[in-house]
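> only geometry, no sequence info:
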């Protein structure tokens, strides 16, 4: 009997455990957080930099959505529904908009590669083992070098 009670208590604990964990809610949206990611449809500048009447209406629209408790993504979707895709300052992550993210990254990698190659060539590449400057000096050459160095006052 005790075994069944223990198993029942364990089953109840396993069922209740997920309910005891607090649900993580999306962070509350704020106007400054959204203003730097959307554009004024009239000016074509970031909303945070625009002070046209249309920009003020857009800010009021965002404030109303924030007051209703909508998340940042829901607000951005509502702005797209209201003003069109051009209202978003950040390009999308699919289709042609993906090139806006990839091209600068690929350009930086290509530039870094070219700089490495140019530096490598400027240095003359890796030292070759058969170059005279990489070979050890013979005893005769070492004594002649010492005589030449000692003739100068340093």
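Received the coordinates, thanks. All figures in this text were calculated on a predicted structure; none of them were measured in a lab. Numbering: from 1, shown residues only.

> Pull up the gap between residue 84 and residue 41, please.
7 Å (Cβ to Cβ, to the nearest Å). Placement of C-beta: from N, CA and C, glycine included.

> Helices along the protein, start to end?
2-20, 31-35, 53-67, 72-83, 98-122, 139-150 (DSSP state H).

> ok now the third one, how far from the chain's centre?
By that I understand helix 53-67. 29 Å (Cα atoms, centre = their mean, to the nearest Å).

> Residues contacting that helix, please?
With Cβ atoms under 8 Å, 6 or more residues apart in numbering as the test, helix 53-67 has contacts from 28-31, 34-35, 38, 40-43, 47, 74-75, 78-79, 82-83, 87.

> List buried residues within the residues you listed.
Restricting the contacts of helix 53-67 to buried positions leaves 29, 34, 35, 38, 40, 41, 47, 75, 78, 79, 83, 87, with burial counted as 16 or more other Cβ atoms under 10 Å.

> Near the nearest residue in space to the third one that is not next to it in sequence, how many other residues are there?
The shortest distance from residue 35 to any residue that is not its chain neighbour, by Cβ to Cβ, 6 or more residues apart in numbering, is 3.9 Å, and that residue is residue 48. Around residue 48 there are 18 other residues, counting by other Cβ atoms under 10 Å.

> What residue spans form the domains of this protein?
Following automatic domain parsing, the chain resolves into domains at 27-90, 92-125.

> pLDDT below threshold where in this protein?
Scanning the chain for pLDDT under 70 picks out the ranges 1-27, 91-93, 97, 125-134, 154.

> and the residue nearest to residue 75 when sequence neighbours are not counted, how far is that from residue 55?
The spatial neighbour of residue 75 that comes closest, neighbours along the chain excluded (Cβ to Cβ, 6+ apart), is residue 65 at 4.7 Å. Using Cβ to Cβ, residue 65 is found at 16 Å from residue 55.

> Compare the domains of the chain and give me the one nearest residue 143.
For these, the distance to residue 143 is smallest for domain 92-125, at 29.3 Å, taking Cβ to Cβ.

> now that closest one: how far from the chain's centre is it?
16 Å.

> residues of it that come out buried?
Residues of domain 92-125 include none that count as buried (16+ other Cβ under 10 Å).

> Residue 36: what's it in contact with?
Per Cβ under 8 Å, 6+ apart, neighbours of residue 36: 46, 47, 48, 89.
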